[in-house]
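turn this into a model:
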Amino acid sequence: MYLTKFQLQDIRNLSTNILSLEKQLNIFYGENGAGKSSVLEGISILTSGRSFRTSKLDLVVKEDSDAFVVFGAGSDQTKLGVGYSKSKKQKSIKINGENISTLSSLSRIYPTQVLSPESYHLIDAGPQERRKYLDWCLFHVEHSYHETWKNYQSTLKQRNALLRTKNKSKISQQITFWDQQLCLFESVVTKQRSAMLELLLTELLKVIQDLGVKFFDGFKISYYPGYTGEYEKKLADSFHADCECGLTRFGPHKADIKIKVQGYPAKEFFSRGQKKVAINAMFLAQTVVLKNRTGKDSLFIIDDFTSELDESNQKELLQMLLQQKNVQIILSCLQLDSLKWLKKRYNSTQLFHVEHGVIKPVSTSEIDEIDRN
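Below you'll find the predicted structure:
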């Protein structure tokens, strides 16, 4: 499946519009503040139920409106709809006209990756962002993982609540039970995360080889499970300290992906440009793993494409994505000038010009006329 139609209403500064999308490549271009990122944000909300720009959906609603709505249709006739009301503080999701209560049901239909300017902090950011990177693949490839992770989080919440009680007798009576439960779910989470990182690393090394860059010599990625040694013993040894702070300080919720080059942390070794290339490669590896393991079509959203990458890296990223036959690409950029190398593909690419919130499809002949002038 890929998106063939997208309709939006009352998203930020955008006018109501119905857009026809191409199977492989769609480009939204225009000046800063025109509304390009808002279009991509709306598409992301449609396929995942979430904005990649903010967790506060009130900010997504047009200033003089109470609610926004986005609709979409897939090539397999699947129909999606997501709405949000400011006054009710309520989100509504429909799949083929049926009300859906969980975001996971929506997200599974059309796996969506978002590469935005914020994504290029993946190496420098805290462990949470790298856990999200790993868990995205697990959510779409290992369907049991989502439930196991929810069970771990629920158990963790119960253990933390127990640690914060002042009743020492209650703690001593119940802590063993919650530790055993936590260990049960931790072992599955850690096993699945470690196995997924191995899959990603295999594909990542192939991508790096295809890119032909030399600065990846000594590049290594490893999984830190959020503790050292045996988890059950770690919980026992840290019990008193955990009681003092009222939190479980070790476990998968503290896990990380350690990225090193020649033994040094990549965030200290790589230049800013090299980090971007590495992050592109990591996202490409996700796409390949998803395709190889599930065969599913996926959506790759790239916001502010030309501002973060030089022309050489733009070409490398897009060409490698375009080689993946089941990936639909939707990107935004400031001007088309830097993408003229794509001109031969314009006949199979849908172009949109965005100006003051108005989205207008642009034909190849119109682009040629602009170039002549």
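
pLDDT of stretch 157-168, averaged?
Across stretch 157-168, the average pLDDT comes to 92.

with stretch 13-20 instead?
Averaged across stretch 13-20, pLDDT comes to 93.

one more: stretch 109-123?
For stretch 109-123, the per-residue pLDDT averages 94.

start and end of that stretch, how far apart?
End-to-end span of stretch 109-123 (CA to CA, to the nearest Å): 29 Å.

report the secondary structure state of the residue of the chain most remote from its centre.
Distance from the centre of the chain peaks at residue 169, with 44.1 Å (CA atoms, centre = their mean). With DSSP: H, G, I helix; E, B strand; the rest coil as the basis, residue 169 sits in helix.

residue 4 now?
Looking at residue 4 with three-state DSSP, the answer is strand.

low-confidence stretches in this structure?
Along the chain, the parts satisfying pLDDT under 70 run over 345-347, 364-373.

distance check, the residue farthest from the centre of the chain against residue 175.
Residue 169 sits at a distance of 11 Å from residue 175 (criterion: CB to CB, to the nearest Å). In short, each C-beta sits where N, CA and C put it, glycine included.

contacting residues for residue 145?
135, 138, 139, 189, 192 (CB atoms under 8 Å, 6 or more residues apart in numbering).

distance of the third one from residue 259?
The reference is to residue 139. Going from residue 139 to residue 259 by CB to CB gives 21 Å.

among the contacts of residue 145, which ones are in helices?
Taking DSSP state H, the ones among the contacts of residue 145 that sit in helices are 135, 138, 139, 189, 192.

the second one contacts residue 196, doesn't it?
Yes - with contact defined as CB atoms under 8 Å, residue 138 reaches residue 196; the gap is 5.2 Å.

secondary structure element holding residue 182?
Assigned by DSSP states H and E, residue 182 falls within helix 168-211.

who does the helix or strand just after that helix touch, helix- and strand-wise?
For helix 168-211, the following helix or strand on the C-terminal side (DSSP H and E) is strand 219-224. The helices and strands touching strand 219-224, judged by 3 or more CB pairs under 8 Å, 6 or more residues apart in numbering; DSSP states H and E, are helix 168-211, strand 256-261.

okay, buried residues for stretch 41-58 please.
41-53, 57 (16 or more other CB atoms under 10 Å).

what's the closest of those to residue 156?
residue 50 (22.3 Å; CB to CB).

who's in contact with the closest one?
44, 103.

need the three-state assignment for it.
Quick answer, by three-state DSSP: residue 50 is coil.

start the count at 13, not 1, going forward
Right, with 13 as the first residue, what we last looked at is residue 62.

what's the burial count for the spatially closest residue to residue 342 that is not a sequence neighbour?
Distance criterion CB to CB, 6 or more residues apart in numbering; nearest residue to residue 342, sequence neighbours excluded, is residue 38 at 4.6 Å. A total of 24 residues lie near residue 38 under the criterion other CB atoms under 10 Å.
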